[in-house]
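Visitor: would you be able to build a 3D model of this:
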Amino acid sequence: MKLKLYIFAITLLSIVSVSAQDVSFNAKVNKKKLGINERLRIDFEVNQDGDNFKRPDFKGFTIYSGPNQAVSRSWVNGKGTYSKTFSYTLVPTKRGKFTIKQAEITIKGEVYKSPPIEVTVTAAVDRPKDGNDAAYIASEKIHLVAEVSKNSPYLNQAFTVVYKLYVSPETSVSNWREIDSPKFADFWSQNIDEKQFKIYEGEYQGEPYRYVILRRTVLYPQKTGKLNIEPLSLNVSVAVPTNKRDIFGRFLTQNASITVAAKNRTVNVKPLPLDGRPDDFTGAVGEFDFTVKTDKNSLDASEAFQLSVEAKGNGNLKLFDLPKPNLPSKLEVYEPENADKVRTNLSGMSGLKRSTYTVVPAYKGKYPIPPISFTYFNPKTERYERKTSDEIVIEVMNGPVDSTPDNTTVTTNGNNKQQVIAADKQFAYIRSTTSLQPIIKKQFFKSGLFWTLLGTPFLLIPIAMFVRKKRQAYTSDVQGNRIRKADKLARKFLSEAKKNLGSQKEFYIAMERALHNYLKAKLNIQTSEMSKDRITRLLKEREVDASTTIEFIGLLESCEFARYTPSSNVAMQQDYDKAARVISTIDKQL
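Guide: Sure, this is the predicted structure:
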């Protein structure tokens, strides 16, 4: 009796909760544009029970099937929901634009109407689309798009192409696999890997969609004219709803595997202007600062100083050469050391490009380093700009004097090395000290070495006993030996993962084994007990930071996720470095 009263109270509460909702009566179609030889599905959905449903006059269509009714009730967190759907499958009778008028339903004595919907019927398509075919439905609900940031960039000007996978709300994607990648033959390219795939809300052709950013690529065109950006192709596994329903009136879903590809994109690359182009222009495009400096301005002959030529800013830093300094011929100049610190983001390359020359003066005097000019093209101002350094004077205070005047300068190319007089080492062959040995040698008997060799065995006896005791304790520690063995095995697999960098499958298998064996060593658990919840709880009990635990679980998920999706060498290197850091951190905290 109490059970019946409880069920009655729950049912009454559900009815009251549903009746308290605002009435919502909507109409939805599976497509707004179709061929005359295709079918259209329309659903009229209401969130409260009603009577006297009246369908509209489907002008321009005939009813292929329907109405099919489905009712859904749910109770979540004390809140009840109700849904009732009237579905029709329609066949168009002629081409044109048609308006499906309002349907009507009566709820508690009031009449509610659905919004009208406009549908366009075109000529017959090459292949009639079956609304119950999972592959066709998936192809209509999933789209791969390539978005280009600039359609008309200059030569060597950065722009980005972003690949987005759009998925309709009623469709779910379980996995995707890259089957064809763009080559970017006419571009310098740099991929910006996504650390994690985030789902965004957006629109595709005016309809609400969800999308995921799969890849961002920065491109620098190396040719002018119309250049083609090859498409990215994916194989996608999806689950899509069909027109069929189960015995409870719910739409059935089907699994399908389809191939989607982004459309070819074309950019029109503009050449750099010829008007005003400097003769010393070397191809730099962007915005830069230019500096020339030395580490010392005064020194002695035969000492060396460093001359740095540096360009810093945003632009094609890896695609041009820095200007070379013109130095007096009395200075010996060596080949420069190039140090580029460049990072790539969505706006392109940024950082610095530096050449450092080692210069050695041979004679006493003052040596001017003439100003150095650096020219580049600025796409924002669309003109060439020049940066010029100041003159630098190097004073050589002590050293031989060159009696032959020579005011010529030489462009540094690494082949104009001169003989340098090492004034402080020209008499190095003359020894100023001696190392004499006595003729009469001391006897070995009763010497310090004699007593040392005699007493050493007696000192080694207690050390040997101590070592033996420790070794016996070590061998008797069965559990400790097992833990040390697992720890050694984890390091072995992590080393194996490093060897397999570049081979995705072998790398992630080795790294997953290393992580598992590390846990076996530190937490004394078996592989069968390694659920993510148990690992999290055990690390928390050992007072490991929550952030470190999250990173460790994230590594395990990366190993699992890498079985189904491709990964770059950069991502594998990042995962390896992260694994080494996380293991070291947990070691310190344990």
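Visitor: C-alpha only now, for contacts and for neighbours.
Guide: Fine.
Visitor: so Ala311 lies in a strand, does it not?
Guide: Yes. Assessed by DSSP: H, G, I helix; E, B strand; the rest coil, Ala311 belongs to a strand.
Visitor: number of nearby residues for the closest residue to it other than its chain neighbours?
Guide: In this structure, Ala311 finds its nearest non-sequential neighbour in Phe290, 4.6 Å apart by CA to CA, 6 or more residues apart in numbering. The number of residues packed near Phe290 is 21, by other CA atoms under 10 Å.
Visitor: who's in contact with Glu203?
Guide: 209-210 (CA atoms under 8 Å, 6 or more residues apart in numbering).
Visitor: so what sits opposite it in the bridge?
Guide: Judged by DSSP bridges, the bridge partners of Glu203 are Pro208.
Visitor: now do Leu234
Guide: Glu178, Val260.
Visitor: re the thing from before, give me the pLDDT for the residue nearest to Ala311.
Guide: According to the prediction, Phe290 has pLDDT 94.
Visitor: in which helix or strand does it reside?
Guide: For Phe290, the enclosing helix or strand under DSSP states H and E is strand 286-294.
Visitor: packing partners for that strand?
Guide: strand 305-315, strand 373-378, strand 383-388 (3 or more CA pairs under 8 Å, 6 or more residues apart in numbering; DSSP states H and E).
Visitor: what's the closest of these to Thr217?
Guide: Smallest distance to Thr217 across the helices and strands packed on strand 286-294 (CA to CA): 15.4 Å, for strand 305-315.
Visitor: that closest one - which strands sit beside it in the sheet, and in what orientation?
Guide: Assessed with DSSP bridges, strand 305-315 is paired to strand 286-294 (antiparallel), strand 348-361 (antiparallel).
Visitor: for it, C-alpha coordinates in CSV please.
Guide: Only the C-alpha atoms of strand 305-315 are listed here, as CSV (Å, rounded to 0.1, in the frame of the first residue of the first chain):
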residue,chain,number,x,y,z
PHE,A,305,86.1,41.0,-29.3
GLN,A,306,82.6,40.0,-30.4
LEU,A,307,80.6,41.9,-33.0
SER,A,308,76.9,41.1,-33.1
VAL,A,309,74.5,41.9,-35.9
GLU,A,310,70.9,41.3,-34.9
ALA,A,311,67.4,41.7,-36.4
LYS,A,312,64.4,41.3,-34.0
GLY,A,313,60.7,41.4,-34.6
ASN,A,314,57.9,39.7,-36.5
GLY,A,315,58.3,38.3,-40.0
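Visitor: and the next element down the chain from it?
Guide: strand 326-328.
Visitor: so Thr89 touches Phe44, yeah?
Guide: No. Applying CA atoms under 8 Å, one finds Thr89 not in contact with Phe44, separated by 11.9 Å.
Visitor: hmm, back to that, export the strands paired with strand 305-315 to a markdown table and tack on distance to Lys532?
Guide: Conversion of these to a markdown table gives the following (distance: least, CA to CA, whole Å):
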| stretch | distance to Lys532 |
| --- | --- |
| strand 286-294 | 48 |
| strand 348-361 | 39 |
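Visitor: ranking those by burial, who's on top?
Guide: strand 348-361 (a mean of 21; mean count of other CA atoms under 10 Å).
Visitor: ok, then the element right after that one?
Guide: By DSSP H and E, the next helix or strand past strand 348-361 is strand 365-369.
Visitor: what is the mean pLDDT for that next one?
Guide: 90.
Visitor: just to revisit the earlier point, more neighbours: Thr89 and Phe44, which one.
Guide: Phe44 (23 against 20).
Visitor: for the residue nearest the centre of the chain, which residues are in contact?
Guide: By CA atoms, centre = their mean, the chain has its centre lying nearest to Asp193, at 1.9 Å. Residues counted as contacts of Asp193 (CA under 8 Å, 6+ apart) are 215-216, 571.
Visitor: so which of those residues is the most crowded?
Guide: Going by other CA under 10 Å, Arg216 tops the contacts of Asp193 with 20 neighbours.
Visitor: so which of the strands paired with strand 305-315 comes closest to Tyr200?
Guide: Using CA to CA, the nearest of the strands paired with strand 305-315 to Tyr200 is strand 348-361, at 23.9 Å.
Visitor: now the closest one against strand 365-369, angle please.
Guide: 160 degrees (axes from the mean of the first three to the mean of the last three CA atoms, to 10 degrees).
Visitor: avg pLDDT for strand 348-361?
Guide: 92.
Visitor: any low-confidence regions in the stretch 1-150 of the chain?
Guide: For the stretch 1-150 of the chain, applying pLDDT under 70 flags the ranges 1-21, 76-78, 126-133.
Visitor: follow-up on the earlier one: distance of the residue nearest to the centre of the chain relative to Glu310?
Guide: Relative to Glu310, Asp193 is positioned 29 Å away (CA to CA, to the nearest Å).
Visitor: just the residues contacting stretch 436-447, thanks.
Guide: Phe450.
Visitor: start the count at 24 instead of 1 going forward.
Guide: Sounds good: first residue 24 from here, last item stretch 459-470.
Visitor: distance between the ends of it?
Guide: Separation of the first and last residues of stretch 459-470 by CA to CA is 22 Å.
Visitor: for the record, mean pLDDT for the helix or strand containing Thr183?
Guide: Assessed by DSSP H and E, Thr183 sits inside strand 182-190. Averaged over strand 182-190, pLDDT sits at 92.
Visitor: ok and it relative to strand 371-384, angle-wise?
Guide: 150 degrees.
Visitor: now for the protein: which helix has the highest residue count?
Guide: helix 471-499 (DSSP state H).
Visitor: re earlier: which one of the contacts of Asp216 is nearest Met488?
Guide: Distance to Met488, by CA to CA, is smallest for Ala594 among those, at 51.8 Å.
Visitor: helix, strand or coil for that closest one?
Guide: Ala594 ends up helix, using three-state DSSP.
Visitor: please apply the same query to the one 4 residues further on.
Guide: Reduced to three states with three-state DSSP, the structure at Asp598 is helix.
Visitor: can I assume it is in contact with Leu578?
Guide: Yes. Proximity of Asp598 to Leu578 meets the contact threshold set by CA under 8 Å, at 7.1 Å.
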